[in-house]
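1. Here's a sequence, model it:
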Amino acid sequence: MQTRLTLLLDADILLMLGLLAALKAKRDAEGLQFVSLMAMLQVDSLWEKMLMLAFIYFFKMLYPFALANKPESKVAAAAGGCILVDTQALHVIGGMACLTLPGLPGCFLCLRF
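-> I've put the predicted structure just below:
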């Protein structure tokens, strides 16, 4: 049996109540093939707080947010950790096999869409 949507989730991610419904609603409202969220990272210690700014700066340099957010663009970007994708679209790009490459699976998923 095949489901219409597939949820890709890192093993250490805890979903907040209602998050899956919110992802699906955004996907449906904007006509997207997939939506993703970056996990909220732990920022309790002073070092974690200081390094978070550098991490976000680097992350924004790495991902083409402006291009990915344009509806007419062919560029996709996923924050990883939590990705809700159309199962059929996942099969078109090679299914779960495309996620077995070394590195960040979310990045490879985006490059293939």
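2. all helices for this structure, in order.
-> 19-30, 46-62, 65-68, 87-92, 105-112 (DSSP state H).
3. winner for burial among the ones you listed?
-> Greatest average neighbour count among these goes to helix 105-112 (a mean of 18), per mean count of other Cβ atoms under 10 Å. Bear in mind the C-beta positions are built from the backbone N, C-alpha and C, glycine included.
4. Next up, the contacts around residue 49.
-> residue 43 (Cβ atoms under 8 Å, 6 or more residues apart in numbering).
5. quick one: residue 76 from residue 45, how far?
-> For residue 76, the distance to residue 45 equals 34 Å [Cβ to Cβ, to the nearest Å].
6. For those two, work out which one has more neighbours and name it.
-> The residue with more neighbours, out of residue 76 and residue 45, is residue 76; 17 against 9, by other Cβ atoms under 10 Å.
7. quick one: the more buried one and residue 69 touch, right?
-> No - counting by Cβ atoms under 8 Å, residue 76 does not reach residue 69; the two are 10.2 Å apart.
8. If I look at the residue of the chain positioned farthest from its centre, what pLDDT would I see?
-> No residue in the chain sits farther from the centre than residue 46, which is 27.6 Å out by Cα atoms, centre = their mean. If you check residue 46, the pLDDT there is 91.
9. What of residue 106?
-> At residue 106, pLDDT is 53.
10. How about residue 52?
-> 86.
11. how close does the closest residue to it other than its chain neighbours get to residue 57?
-> Closest residue to residue 52 apart from its sequence neighbours, by Cβ to Cβ, 6 or more residues apart in numbering: residue 43 at 5.2 Å. Separation of residue 43 from residue 57 (Cβ to Cβ) stands at 15 Å.
12. about what we covered before: of the helices of the chain, which is nearest residue 2?
-> Nearest to residue 2 among the helices of the chain is helix 87-92; the distance by Cβ to Cβ comes to 6.0 Å.
13. for that closest one, what is the average pLDDT?
-> 84.
14. do the same with stretch 25-35
-> The model assigns stretch 25-35 a mean pLDDT of 90.
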